[in-house]
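In: sequence plus predicted model, see below.
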Number of protein chains: 2
Amino acid sequence: MRTVVIAGVGLIGGSFALALRKAGFTGRILGVSSPRTIEAALARSVIDEGVTLEEGCRRADLLYLAQPISKIVGVLPLIDGFVRPGALVTDAGSTKAAIVRTAYVSIRRAQFLGGHPLAGKESRGVEVADADLFKGRAYVVTPGDLSTDAARTFIAWLERIGAVPLVMSPEAHDRTLALTSHLPQLASTALAVALADKLQHTRAAGPALLDSTRLALSPFDVWRDIIATNAENIEAALDAYIATLEDVRSRLRTGDLNTAFETAARFAAGLRS
Amino acid sequence: MRTVVIAGVGLIGGSFALALRKAGFTGRILGVSSPRTIEAALARSVIDEGVTLEEGCRRADLLYLAQPISKIVGVLPLIDGFVRPGALVTDAGSTKAAIVRTAYVSIRRAQFLGGHPLAGKESRGVEVADADLFKGRAYVVTPGDLSTDAARTFIAWLERIGAVPLVMSPEAHDRTLALTSHLPQLASTALAVALADKLQHTRAAGPALLDSTRLALSPFDVWRDIIATNAENIEAALDAYIATLEDVRSRLRTGDLNTAFETAARFAAGLRS
C-alpha cells in the first residue's frame, strides 16, 4: 500500500491519515475535499496533496471514503471507471446497509469493504483530527474476501492504528447501532426537547442533566443521513424504549422498580468491564 | 454558630463538614451515624466526635440532617423535645415537599429550613466526602424566615463553601427536580433495561452509550425514597418525555426532525452557558 486517498478530510478522514502516519505509514496520502478543507489539511500536514476524485481514484491503493452517508452513496457509482484493479475501496459511514448495497452494484474493478470506526468527538472538521482517535475503539468491517492482499493490508493497518476490527454484516451493524448509538442520540434529543418545553429553573440543573443532554448538542446534519438510511431499525429501538418507559411509569406508584434498576446497573457495569 | 451536628455522615454530610472546615469554621463538628461510619469519619477527621441523636440535638446550633429521605421524615418528629431554641434544623434530602411538610408539624422549638445541595458523586459514603463538592453548585433552600440569626449564619456559610443558594418552594423544587434529575435517571435506567433485553453485540458500543448509561449505574436504594415522595411529578415528567419520543418516532420516516434537533441543541447549549 503506497498511496492512500482520503475522500472527505474531516474528523474521521483526517484522523485516519494522522493515525496512519503515526503508525509508520511512509507512502503518499492524498485528499479529496473542498478547497478550504484541503488548505486546512495541508496546513496541518494531514495530507501530502489535494487531488480531484478522478485523480484520487486513479492513484489510490486504498480509497477511504469518509464523507457523509448520502455523499458516499452518490460517489460510489462514479468511481468504478477510474479505480485500479487490486485497489481497496472502503468507507467510514455510520450506517452500512445502504452503502454496501450501493457498492455491491457499483464497484466491479476494485474490491469494496464497508467500514465504520466506532469513534468520534463532539467537534468536527480536520482541525480536530486526532492520530489517536481509533485507539482501543471497535472498527466494524463488513464481510468480504479478507484474504486478498488489499484486505489483509487494510486490516493490518487498522490494527496498527490501535483499532479493534470487528467483522459484522451490514444488517447486524445497522440493527446494533440503532440500539447503541442512534437510540441514545434520540433519547437525549427528546429529553432536551421535553425539558425545553417544561423547565422554568435551569439554574436548578445538576451534573446528571449535563450528562444526559451532551448528545443533544449534536447538529441534525450529522444525523439526517443516519436516520434516513436506518429508520426501520431506529423505529424498532424507539418502540422498545418507549415500552420500557411505560413499564417504569406504571411502577412508579407501587415503587416496584428494584428489578429494573438492577438489570440496568448490571448492563451498564457490563459495558464498562 | 459554634456546634454543628451532622446526622448521616455520608458523602453529603461528610462533604458539608469538610467544606465548613476548609472555609474556616473553627467550632465543633459532631456526627450522628452508625458506629462504623463514625469510626471512618473520625479516622478521616471529618468530625470531632460521634454522639447520639439526642445529645446531638441538645448541643447543636446547626443540626444538618443528611440521611435518606425516609430516615429524615422518621427523625424529624423525634427531635423537637431536645433541640435548643435558636438552633437551626436543616436537611439535605433530594425531595422537599414530604420533608418540609413533616418538619412543619414536628419542629416548634427551633427553626427549620429545608435544603438540597445539587451536588453529588457516583460513589457514596464518608470515604469519598469532598470539601469542594458544593463549589459552584446550586443549593436549594426552601422559604422561611431568612432574617433570623441562625438562618443568616447558615446562608453565609453556604456561600463561604462556594454553593449558590437558591430559594425555591418545596413544590417548585420537586416539580423541577422531577425534570432535571429524576427523569434523566429513569431515562437512563430504562435505556439500559431496553438494551439489556435487545443487544447482542456489546463490543459495538461507542462512547455515546457509555455516557447514556452512566446514571443507570445508580443503585435503587438511592432512588426508592425519591420516587416514593415525588411519584406524581415524575409521572408527569415521564408523560412529557414519552410523548416527545412518540413525536420523534412519527417523524423518522419523513426525516422531519430538524426542529427537534435545533430545540434540543439550543436547550443543551443554554444549560452550559
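Out: Looks like it came in fine.
In: how about the contacts made by the residue sitting nearest the centre point of chain A?
Out: Central residue of chain A (Cα atoms, centre = their mean): A:Ser94, 3.8 Å from the mean position. Neighbour list for A:Ser94: A:69, A:116, A:177, A:181, A:225-226 [criterion: Cβ atoms under 8 Å, 6 or more residues apart in numbering or on different chains]. The C-beta positions use only the backbone N, C-alpha and C, and glycine is treated the same way.
In: and A:Ile6, by the same measure?
Out: By Cβ under 8 Å, 6+ apart, the contact set of A:Ile6 is A:13-14, A:16-17, A:29-32, A:47, A:64, A:66.
In: inside helices: which ones of those?
Out: With DSSP state H as the criterion, helices contain A:13-14, A:16-17 from among those.
In: which ChimeraX command selects the buried ones in those?
Out: The buried subset of the ones in helices among the contacts of A:Ile6, as determined by 16 or more other Cβ atoms under 10 Å in any protein chain shown, is captured in ChimeraX by this line:
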select /A:13,14,16,17
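In: which one of the ones in helices among the contacts of A:Ile6 sits closest to chain B?
Out: Nearest to chain B among those is A:Phe16, at 16.5 Å by Cβ to the nearest Cβ.
In: count of neighbours near A:Ser45?
Out: 11 (other Cβ atoms under 10 Å in any protein chain shown).
In: what about A:Leu146, which SS state?
Out: coil (DSSP: H, G, I helix; E, B strand; the rest coil).
In: from A:Thr153, how far out is it?
Out: From A:Leu146 across to A:Thr153, the span is 11 Å (Cβ to Cβ, to the nearest Å).
In: okay, the contacts of A:Ile6 in JSON lines with pLDDT and distance to A:Glu262 next?
Out: JSON lines is the format used below for the contacts of A:Ile6 (pLDDT from 0 to 100; distance: Cβ to Cβ, whole Å):
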{"residue": "A:Gly13", "pLDDT": "98", "distance to A:Glu262": "43"}
{"residue": "A:Gly14", "pLDDT": "98", "distance to A:Glu262": "43"}
{"residue": "A:Phe16", "pLDDT": "98", "distance to A:Glu262": "41"}
{"residue": "A:Ala17", "pLDDT": "98", "distance to A:Glu262": "45"}
{"residue": "A:Ile29", "pLDDT": "98", "distance to A:Glu262": "50"}
{"residue": "A:Leu30", "pLDDT": "98", "distance to A:Glu262": "53"}
{"residue": "A:Gly31", "pLDDT": "98", "distance to A:Glu262": "50"}
{"residue": "A:Val32", "pLDDT": "98", "distance to A:Glu262": "51"}
{"residue": "A:Ile47", "pLDDT": "98", "distance to A:Glu262": "50"}
{"residue": "A:Tyr64", "pLDDT": "98", "distance to A:Glu262": "44"}
{"residue": "A:Ala66", "pLDDT": "98", "distance to A:Glu262": "41"}
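In: what is the burial count for A:Thr52?
Out: A:Thr52: 11 neighbours (other Cβ under 10 Å).
In: A strand includes the residue nearest to the centre of chain A, no?
Out: No - using three-state DSSP, the assignment for A:Ser94 is coil, not a strand.
In: and it, how close does it get to chain B?
Out: For A:Ser94, the distance to chain B (Cβ to the nearest Cβ, to the nearest Å) stands at 10 Å.
In: touching, A:Ala110 and A:Ala87? I think so.
Out: Yes - with contact defined as Cβ atoms under 8 Å, A:Ala110 counts as touching A:Ala87 (4.3 Å).
In: quick one: average confidence on stretch A:127-147?
Out: Across stretch A:127-147, the average pLDDT comes to 96.
In: can it be said to contact chain B?
Out: Yes - in terms of Cβ under 8 Å from any Cβ of the partner chain, part of stretch A:127-147 sits within range of chain B, namely A:137-138, A:140.
In: in that stretch, what counts as buried?
Out: Going by neighbour count (16+ other Cβ under 10 Å), the buried part of stretch A:127-147 is A:129, A:131, A:133-134, A:137-142, A:144.
In: endpoints of it, how far apart?
Out: End-to-end distance of stretch A:127-147 (Cα to Cα, to the nearest Å): 36 Å.
In: gap between that stretch and the chain center?
Out: Between the mean C-alpha location of stretch A:127-147 and the chain-wide mean there is a distance of 9 Å, by Cα atoms, centre = their mean, to the nearest Å.
In: nearest residue to A:Arg160 in space, please, no chain neighbours.
Out: A:Ala23 (4.1 Å; Cβ to Cβ, 6 or more residues apart in numbering or on different chains).
In: now that neighbour: how far from A:Phe134?
Out: Applying Cβ to Cβ, the value for A:Ala23 to A:Phe134 is 10 Å.
In: quick one: common contacting residues for the two?
Out: Both A:Ala23 and A:Phe134 are contacted by A:161-162, under the criterion Cβ under 8 Å, 6+ apart.
In: is A:Ser123 in a helix, a strand, or coil?
Out: Judged by three-state DSSP, the three-state class of A:Ser123 is coil.
In: surely it touches A:Leu11?
Out: Yes - at 7.3 Å, A:Ser123 counts as touching A:Leu11 under the criterion of Cβ under 8 Å.
In: what about the closest residue to A:Gly270 other than its chain neighbours, how many residues close to it?
Out: Distances taken as Cβ to Cβ, 6+ apart put B:Thr202 closest to A:Gly270, at 6.5 Å, once the chain neighbours are dropped. Using other Cβ under 10 Å, B:Thr202 is surrounded by 15 other residues.
In: again with A:Gly86
Out: Here the number of neighbours of A:Gly86 (other Cβ under 10 Å) works out to 12.
In: now do the one 4 residues further on
Out: Other residues within reach of A:Thr90, judged by other Cβ under 10 Å, total 25.
In: verify the stated contact: it with A:Leu113.
Out: Yes - between A:Thr90 and A:Leu113 there is a contact under Cβ under 8 Å: 5.0 Å.
In: which neighbours do these two have in common?
Out: Common neighbours of A:Thr90 and A:Leu113 (Cβ under 8 Å, 6+ apart) are A:Phe154.
In: give me the number of residues near the closest residue in space to A:Arg124 that isn't next to it in sequence?
Out: In this structure, A:Arg124 finds its nearest non-sequential neighbour in A:Leu11, 5.1 Å apart by Cβ to Cβ, 6+ apart. Using other Cβ under 10 Å, A:Leu11 is surrounded by 23 other residues.
In: shared neighbours, A:Ala110 and A:Ala87?
Out: Common contact partners of A:Ala110 and A:Ala87 (Cβ under 8 Å, 6+ apart): A:Leu63.
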